[in-house]
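# sequence and computational prediction follow.
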Amino acid sequence: MTIAWWVPLVAGVVAWMVGGAWYGVLGARWAAATEQPLETLRPGGRQPPGPMALSFIADLVMATSLAYVIARAGPVTVGQGLRWALVAWIGFVATSLIVNNGF
């Protein structure tokens with residue numbers, strides 16, 4: 001089975017936009033929860049570009065990883081299971097940690 005590459009691209013873009021909207025709406029509450037002034041987290045009232053870029057890349061990796069797993073899933077041996085676990089870890093856990101620690 002092949003992957004329609006535009007699908008994970010669209011999914012990554014949408015995930016990034018939803019995340020931006022989420023933190024845009026809840027930014028003040030997020031700042032209060034971290035006990036930091038919002039101005040510290042958003043210098044000049046804007047999101048810092050570095051974490052935003054990392055978030056976008058991580059969302060693309062996550063969507064592509066899921067598309068890959070779905071396209072390739074089938075009968076799995078122990079070795080294949082370990083490889084799938086590595087792909088899932090890189091695609092979902094590592095990307096989430098990068099985004100959360102970036103902000």
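Structure received. Residues are numbered from 1 along each chain as shown.
# lowest average confidence, helix or strand, in the protein?
Ranked by mean pLDDT, DSSP states H and E, the weakest helix or strand in the chain is helix 38-41, scoring a mean of 70.
# other SSEs contacting that one?
Helix 38-41 makes packing contacts with helix 6-33 when contacts are defined by 3 or more CB pairs under 8 Å, 6 or more residues apart in numbering; DSSP states H and E. Placement of C-beta: from N, CA and C, glycine included.
# name the residues of the helix it packs on that are buried.
For helix 6-33, burial by neighbour count (16 or more other CB atoms under 10 Å) applies to 8, 11-12, 15-16, 19, 23, 31.
# and which of the residues you listed is nearest Ala88?
Looking at those and their distance to Ala88, the nearest is Pro8, at 14.8 Å (CB to CB).
# and the gap between that closest one and Thr77?
From Pro8 across to Thr77, the span is 26 Å (CB to CB, to the nearest Å).
# what is the neighbour count of Ile90?
Look at Ile90: counted by other CB atoms under 10 Å, it has 13 neighbours.
# tell me which helix or strand the spatially closest residue to it that is not a sequence neighbour sits in.
Of all residues beyond its chain neighbours, the one nearest Ile90 is Ser65 (6.9 Å), with distances taken as CB to CB, 6 or more residues apart in numbering. Ser65 belongs to helix 49-72 when assigned by DSSP states H and E.
# how far out from the middle of the chain is that helix?
The chain centroid and the centroid of helix 49-72 are separated by 6 Å, computed with CA atoms, centre = their mean, to the nearest Å.
# tell me the angle it makes with helix 6-33.
Here helix 49-72 runs at an angle of 140 degrees relative to helix 6-33 (axes from the mean of the first three to the mean of the last three CA atoms, to 10 degrees).
# can you pull up the most central residue in the protein?
Of all residues in the chain, the one closest to the mean position by CA atoms, centre = their mean is Asp59, 3.4 Å from it.
# give me the helices and strands touching the helix or strand Arg83 falls within, please.
In this structure, Arg83 sits in helix 78-88 according to DSSP H and E. When contacts are defined as 3+ CB pairs under 8 Å, 6+ apart, helix 78-88 sits against helix 49-72.
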